[in-house]
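Asks: Provided below for reference: sequence and predicted model.
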Amino acid sequence: MKRLNQTGSHLIALALLVLALGVISFAGYTVVQRNKPADTASTTAQTQTKTAVVPATIKNTADLQQAGTVLDNSSSQLNTSLDDSALNADLSSML
């Protein structure tokens with residue numbers, strides 16, 4: 001009987017295995033990304049803003065830092081798509 005030359009066949013099997021693992025990994029990554037919450041940063045900022053309270057009067061550096069933290073967190077919630085043409089017109093009329 002004649003023996004077939006099978007050199008390199010293990011490389012093809014290994015390449016198919018790597019390809020199958022890549023496809024499965026990509027599918028898993030896609031599923032995880034679709035199930036992830038939309039925006040965790042804004043959710044965290046909203047949670048912190050709701051729980052943090054600005055002191056009525058600032059008596060020490062801890063009160064000042066707390067007020068700064070609340071203001072920093074609330075500034076990320078501002079609408080950045082505001083139309084600034086009215087503000088520009090007011091500033092131009094003042095100058």
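Replies: Good, I have the coordinates.
Asks: taking the mean pLDDT, what do you get for the top helix by length along the chain?
Replies: Assignment by DSSP state H gives helix 9-35 as the longest helix of the chain. On average, the pLDDT along helix 9-35 is 93.
Asks: What residues of that helix count as buried?
Replies: By neighbour count with 16 or more other C-beta atoms under 10 Å, helix 9-35 contains no buried residues. To be clear about C-beta, it is placed using only N, CA and C from the backbone, and glycine gets the same treatment.
Asks: mind checking how far it is from the chain centre?
Replies: 26 Å (C-alpha atoms, centre = their mean, to the nearest Å).
Asks: Show the secondary-structure elements that it is packed against.
Replies: Contact partners of helix 9-35 among helices and strands, from 3 or more C-beta pairs under 8 Å, 6 or more residues apart in numbering; DSSP states H and E: none.
Asks: burial count for N73?
Replies: By other C-beta atoms under 10 Å, 18 other residues sit near N73.
Asks: ok, now which ones touch D63?
Replies: 55, 57 (C-beta atoms under 8 Å, 6 or more residues apart in numbering).
Asks: I meant A15, not that one.
Replies: Contacts of A15 (C-beta under 8 Å, 6+ apart): none.
Asks: tell me the SS of P37?
Replies: Secondary structure assignment for P37 (DSSP: H, G, I helix; E, B strand; the rest coil): coil.
Asks: Distance check, L17 against A89.
Replies: Going from L17 to A89 by C-beta to C-beta, to the nearest Å gives 67 Å.
Asks: for V54, what are its contacts?
Replies: By C-beta under 8 Å, 6+ apart, the residues touching V54 are 66-67, 70-71.
Asks: For the residues you listed, I'd like a selection string for PyMOL - just the buried members, please.
Replies: Burial among the contacts of V54 is assessed by 16+ other C-beta under 10 Å; the matching PyMOL selection reads:
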select buried, resi 66+70
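Asks: Where is pLDDT lowest across the contacts of V54?
Replies: Ranking the contacts of V54 by pLDDT, L71 lands last with 78.
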